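Colleague: how does the following fold in three dimensions:
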Amino acid sequence: MSNLLFPSVIIVAMLWPFGLAMRVPVRGWLSSSGRSRVWLDGWWCTAPLPALALLLPWSEPSLTLSWWLLGGVWSLDDPRRSLLALTVLLWGLAGLYARGYLASEQHRQEAGDDNAARRLQRFALFWPLCLAGNLLLIVAEDIASFYLGFSTMTFAAYALVVHAGTRDAQTGGLAYLVMAVLGEGMILAGLLWAAGSAETTMLDELREGLVEAEQGVWMAALLWLGFGVKAGVVGLHVWLPLAHPVAPTPASAVLSGVMIKAGLLGWLMTLPLGHADPGEAFVMLGRVMSVAGLAAAFGAAVYGACQSHPKAVLAYSSVSQMGMLTALVAMGLIVPEQWPALLAAVVLFACHHGLTKGTLFLGVGISEHPPRMPSWLLWALLLLPGLSLSGVLGSGLASKWGYKTVLYDADHKDLVLWLSLAAVGTTLLMARALWCQWRAARQASHDDPVALTGAMPVAWLGTLLAAASLPWWLPMGRPDWPPLGELVGLWWPAALGVVLAVSIGLMARQHLHEVIKKLPPGDLWWPLMRGYQAVAGRVARGVSRLGASVAAVVRRLQALERWLVDGLGVLARGEQWLGRHGAVLMMASALLLAIIMLVAP
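Modeller: Numbers count the residues shown, from 1 in each chain. Here you go, the predicted model:
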């Protein structure tokens, strides 16, 4: 397609969600009464739609903005077009889902609940603003645009996490904000350091500059860790299991399905993956990344299986899956010659995980408010994305075969084995999540008619269909499907995971309940908070003791001051007395002196 319209299309696609966000405060200022205002209306749901036009086959999908800061370039290639397709689909369907999910809030607003009105208005404002940042970071080729989009998405998402305003939501929001600020600091430091060293404002030149810079590996490490906060790198992942359970379900879907992929895109855009000769230091960084990824894959699977909230289980599943992706990305530094083939598998894996995990999160709300369909059909549909994430069918099976083929060609069978074992943990987590959903559904009353008749089932079925058909419409091209003889090798992790889940459920059920009570969501967050509180307590006590010592010194100085003032008062009174009796004293002194002189021999 001709590129003559591309500049107009990409600008409209970027500005449309921003304009819808700004529409919220304008409507609030112009409205005389907010009780009847429908914030999540049809226009609001169109926020991601103009970006669909960017998925057309443009001949030269690039726009140069010479007036933008130090010069901007917005463009698309096949990997970013695939991530853009994921972003547009999931944001659009989750936005439709949000209309039904928050319909009860709309009813409370109409009944006069001002808190519900404020929550809806805040959600309507920050949802498209977060989307605008997400779209911008995908198309940005210059550092300024990329960081602007990334930071806008990051901080706008905070309002989505704390939407409910409960104590748990505030805790999840605090964890999210603390880790976000930490990550943004490392990203900014890494980008500025690398850009200054390479003397460039473009990301493609920055990647080349990292390899040539003397301290390039440390710049790359900063960028890996900074973007790793969003991608859930082990140790930096603690916000995920705290933010997901408290955020509204549609927000959880885009947080886990799309926004954490911004961390992956940050790695793809800044690290010298596939460089012909990255150097031994970058190979070592790749090995560190691989170990960290596998640690996240296994650790999150074990800890997540001990959670009782389905959204917390799914959050740990995201950490585990992103750990597997981290290990695959690391191969771009370890065996760079295999990166072009592995990149397609990584993008397929990321898009598969995003849509499938979005479907699973939206399914949590569906199980809480089931639509009018047979129960067996509902749970069969809820099971499908879990099977896909476990690598049994659909895009999960295709992505698994894609990266296994490349790793076998690169003679890294050991990593294939580790990733297969991590897939056992994925199946265990899927079984745990569905079990928790089933138990919660049995205890729920299902008496919310708004949710039953709203847009939630339509949006959920849409994500399910999009995830199931992913290999056929992904812009990266159709993946290869495994031959029948390879299915046993691809399915055994899922089978082992099912056996493990059933065995644990039958043999360690009571013990598991005791373990769950001792392992709250957030894992490392709580000892870190206790350590912080202990240090803060000691500092406070030290400051208190220092303040007491300072106060004691001040009191002594004040006492000395009072003594000196009293002494000066005595001297002043003596001076006044001498002034009044000076003449008499002089005469008495003279007379005494005369007497002494007379009687002296």
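
Colleague: nearest residue to residue 80 in space, please, no chain neighbours.
Modeller: Leaving aside its chain neighbours, residue 80 sits nearest to residue 138 (5.4 Å; criterion: CB to CB, 6 or more residues apart in numbering). Every C-beta, even on glycine, is put in place using the N, C-alpha and C of the backbone.

Colleague: for the one you found, give me its contacts.
Modeller: Contacts for residue 138 were tallied using CB atoms under 8 Å, 6 or more residues apart in numbering; they are 76, 80, 83-84, 87, 149, 265.

Colleague: please redo it, this time with the cut-off set to 10 Å
Modeller: 51, 54, 74, 76, 79-81, 83-84, 86-88, 146, 149, 258, 261-262, 265, 269 (CB atoms under 10 Å, 6 or more residues apart in numbering).

Colleague: of those, which belong to strands?
Modeller: residue 74 (DSSP state E).

Colleague: could you list which of the contacts of residue 138 belong to helices?
Modeller: With DSSP state H as the criterion, helices contain 79-81, 83-84, 86-88, 146, 149, 261-262, 265, 269 from among those.

Colleague: separation between the residue nearest the centre of the chain and residue 318?
Modeller: Of all residues in the chain, the one closest to the mean position by CA atoms, centre = their mean is residue 230, 4.3 Å from it. For residue 230, the distance to residue 318 under the criterion CB to CB, to the nearest Å works out to 11 Å.

Colleague: and for those two, which residues touch both?
Modeller: Overlap between the contact sets of residue 230 and residue 318, as judged by CB under 10 Å, 6+ apart, is given by 237, 240, 255, 260.

Colleague: would you turn the residues you listed into a markdown table with secondary structure and distance to residue 192?
Modeller: Conversion of the shared contacts of residue 230 and residue 318 to a markdown table gives the following (DSSP: H, G, I helix; E, B strand; the rest coil; distance: CB to CB, whole Å):
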| residue | secondary structure | distance to residue 192 |
| --- | --- | --- |
| 237 | coil | 25 |
| 240 | helix | 27 |
| 255 | helix | 27 |
| 260 | coil | 24 |
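
Colleague: and those residues, which two are furthest apart?
Modeller: Distances among these were taken as CB to CB; the most separated pair is 237 and 255, at 12.7 Å.

Colleague: list residues touching both of the two?
Modeller: Contacts common to residue 237 and residue 255, judged by CB under 10 Å, 6+ apart, are 230, 315, 318.

Colleague: starting at the chain centroid, how far to whichever strand or helix holds residue 557?
Modeller: Counting by DSSP states H and E, the secondary-structure element that holds residue 557 is helix 525-599. For helix 525-599, the separation from the chain centroid amounts to 60 Å (computed by CA atoms, centre = their mean, to the nearest Å).

Colleague: show me what that helix is packed against.
Modeller: helix 167-198, helix 239-243 (3 or more CB pairs under 10 Å, 6 or more residues apart in numbering; DSSP states H and E).

Colleague: what about this structure, any weak spots by pLDDT?
Modeller: 1-3, 31-36, 444-454, 508-517, 582, 600-601 (pLDDT under 70).

Colleague: rerun that using 50 as the cut-off
Modeller: By pLDDT under 50, the low-scoring segments of the chain are 446-453.

Colleague: picking that back up, and the shared contacts of residue 237 and residue 255, which is closest to residue 215?
Modeller: The shortest gap between residue 215 and any of those belongs to residue 230, at 23.8 Å (CB to CB).

Colleague: where does the closest one sit: helix, strand or coil?
Modeller: At residue 230, secondary structure determined by DSSP: H, G, I helix; E, B strand; the rest coil is helix.

Colleague: mind checking how far the closest residue to it other than its chain neighbours is from residue 153?
Modeller: With sequence-adjacent residues excluded and distances taken as CB to CB, 6+ apart, residue 230 is closest to residue 263, at 3.5 Å. Distance of residue 263 to residue 153, given as CB to CB: 11 Å.

Colleague: okay, and the common contacts of the two?
Modeller: Overlap of the contact sets of residue 263 and residue 153 (by CB under 10 Å, 6+ apart) consists of residue 230.

Colleague: now the strands for this protein?
Modeller: For the chain, applying DSSP E gives strands covering 62-65, 72-75.

Colleague: which helices and strands sit right next to the last one?
Modeller: Put plainly, it is strand 72-75. In this structure, strand 72-75 makes packing contacts with helix 6-30, strand 62-65, helix 114-139, helix 143-161, helix 203-212, judged by 3+ CB pairs under 10 Å, 6+ apart.

Colleague: adding distance to residue 406, write these out as a markdown table.
Modeller: Formatted as a markdown table, the entries for those read as follows, by distance: least, CB to CB, whole Å:
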| stretch | distance to residue 406 |
| --- | --- |
| helix 6-30 | 32 |
| strand 62-65 | 29 |
| helix 114-139 | 24 |
| helix 143-161 | 27 |
| helix 203-212 | 21 |
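
Colleague: closest to residue 349 out of those?
Modeller: Comparing those by CB to CB, helix 114-139 comes nearest, at 17.3 Å.

Colleague: quick one: the closest one to helix 143-161, angle?
Modeller: With axes from the mean of the first three to the mean of the last three CA atoms, to 10 degrees as the basis, helix 114-139 and helix 143-161 are set at 150 degrees to each other.

Colleague: residues of helix 114-139 that come out buried?
Modeller: Of the residues in helix 114-139, those scored as buried under the neighbour-count criterion (16 or more other CB atoms under 10 Å) are 116-117, 119-139.

Colleague: separation between the nearest residue to residue 269 once chain neighbours are set aside and residue 215?
Modeller: Nearest-residue entry for residue 269: residue 203, 4.8 Å, with adjacent residues in sequence omitted and distances by CB to CB, 6+ apart. Residue 203 sits at a distance of 19 Å from residue 215 (criterion: CB to CB).

Colleague: between those two, who's got more neighbours?
Modeller: With neighbours defined as other CB atoms under 10 Å, residue 203 and residue 215 compare such that residue 203 has more, 21 against 13.

Colleague: isn't the more buried one up against residue 139?
Modeller: No. Residue 203 sits out of contact with residue 139 when judged by CB atoms under 10 Å, with a separation of 11.7 Å.

Colleague: mutual contacts of the two, please.
Modeller: 73, 145-146.

Colleague: which of the residues you listed ranks first by neighbour count?
Modeller: By neighbour count, taken as other CB under 10 Å, the most surrounded of the shared contacts of residue 203 and residue 139 turns out to be residue 146 (26 neighbours).

Colleague: mind checking how far that residue is from residue 268?
Modeller: 12 Å.

Colleague: between the two, what contacts are shared?
Modeller: In terms of CB under 10 Å, 6+ apart, residue 146 and residue 268 are both contacted by the residues residue 203.

Colleague: list just the nearest of the shared contacts of residue 230 and residue 318 to residue 548.
Modeller: Comparing those against residue 548 with CB to CB picks out residue 237 as the nearest, at 41.9 Å.

Colleague: check contacts around that closest one.
Modeller: With contacts taken as CB under 10 Å, 6+ apart, residue 237 has the following neighbours: 179, 228-231, 260, 296, 299-300, 315-316, 318-320, 322-323, 522-525.

Colleague: which among these count as buried?
Modeller: Neighbour-count burial within these applies to 179, 228-231, 260, 296, 299-300, 315-316, 318-320, 322-323, 522-523, 525; the criterion is 16+ other CB under 10 Å.

Colleague: neighbours of the nearest residue to residue 321 once chain neighbours are set aside, how many?
Modeller: Counting by CB to CB, 6+ apart, the nearest residue to residue 321 once its immediate chain neighbours are dropped is residue 353, at 5.0 Å. Counted with other CB under 10 Å, the burial measure for residue 353 works out to 29 neighbours.

Colleague: just checking, residue 353 touches residue 390?
Modeller: No. Counting by CB under 10 Å, residue 353 stays clear of residue 390, with 11.7 Å between them.

Colleague: buried stuff in stretch 152-169?
Modeller: Judged by neighbour count using 16+ other CB under 10 Å, the buried positions of stretch 152-169 are 152-163, 169.
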